[in-house]
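Engineer: Have a look; sequence and predicted model below, questions after that.
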Amino acid sequence: MAKSDVYQSISALAPDALQKIIDRLEFRGKDPIFAAMRDAYLDRMDLGSCARVLDLGCGSGVATRALAARADFKGEIVGIDLSEALIAAAKGFASDEGLSDRIEFRTGDCLNLEDADDSYDAVITHTLISHVSDPGGLIASAARVLKQGSPMAMFDGDYA
Ligand SMILES: C[S@@+](CC[C@H](N)C(=O)[O-])C[C@H]1O[C@@H](n2cnc3c(N)ncnc32)[C@H](O)[C@@H]1O
């Protein structure tokens, strides 16, 4: 993680800065190369057998919506993010795309999840792990709520 990572202090950002982040995440989510990388790992997760999937650090819900829209996935998704503003945006985008009935978005800290042990059939984190203060804690937290033997996908890149 960079010494000053904007996502660590996201709750303190002004509305115009938050809007720029939302715009940037949505723009990036539509990039064909970026979308292909996302689809490549989702393709490998046997989503047809998953009833409940967790998207940690979901932001404005780019990966959450991509997952909900897939033909091979009929389950439900929970998207969790630190930022109330990003969660509000995520709810709006999902509603606009008719996906709200399959997605529950809520604020929360991925390092301190309130979800029960073994409560998800899959967990994804899309460009989150490089932004958290405790990457090992993120993996442990995700593993705790994941059913044994179920898939966890952690996607990130070294954009620096
Ligand atoms: C680079 S953005 C990725 C957002 C989204 N997954 C995407 O790819 O469009 C990282 C996200 O992680 C969230 N985040 C950072 N630390 C977090 C934490 N401890 N718990 C939950 N979310 C966190 C930020 O608020 C931000 O929305």
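Structural biologist: Great, that's in hand. These numbers come from a predicted model, not from an experiment.
Engineer: Any buried residues in the longest helix along the chain, and which?
Structural biologist: Longest helix of the chain, by residue count under DSSP state H: helix 15-30. Buried residues in helix 15-30, counted by 16 or more other CB atoms under 10 Å: 18, 21, 22, 25, 29. Just so you know, the C-beta spots here come from the backbone N, C-alpha and C atoms, and that holds for glycine as well.
Engineer: Keep those residues, but drop any that are not near the ligand.
Structural biologist: Among the buried residues of helix 15-30, proximity to the ligand is found for 25, 29 (CB under 6 Å from any ligand atom).
Engineer: Following the longest helix of the chain in sequence, what is the next regular element?
Structural biologist: helix 32-43 (DSSP states H and E).
Engineer: from the middle of its chain, how far away would that next one be?
Structural biologist: 14 Å (CA atoms, centre = their mean, to the nearest Å).
Engineer: Give the other helices and strands that it contacts.
Structural biologist: For helix 32-43, the elements it packs on are helix 15-30, helix 62-68, strand 122-126, strand 152-155, judged by 3 or more CB pairs under 8 Å, 6 or more residues apart in numbering; DSSP states H and E.
Engineer: how about a cut-off of 7 Å?
Structural biologist: When contacts are defined as 3 or more CB pairs under 7 Å, 6 or more residues apart in numbering; DSSP states H and E, helix 32-43 sits against helix 62-68, strand 152-155.
Engineer: so what's the most centrally placed residue in the chain closest to, chain neighbours aside?
Structural biologist: Closest to where the C-alpha atoms of the chain average out (CA atoms, centre = their mean) is residue 58, at 2.7 Å. Spatial nearest neighbour of residue 58, excluding adjacent residues (CB to CB, 6 or more residues apart in numbering): residue 79 at 3.4 Å.
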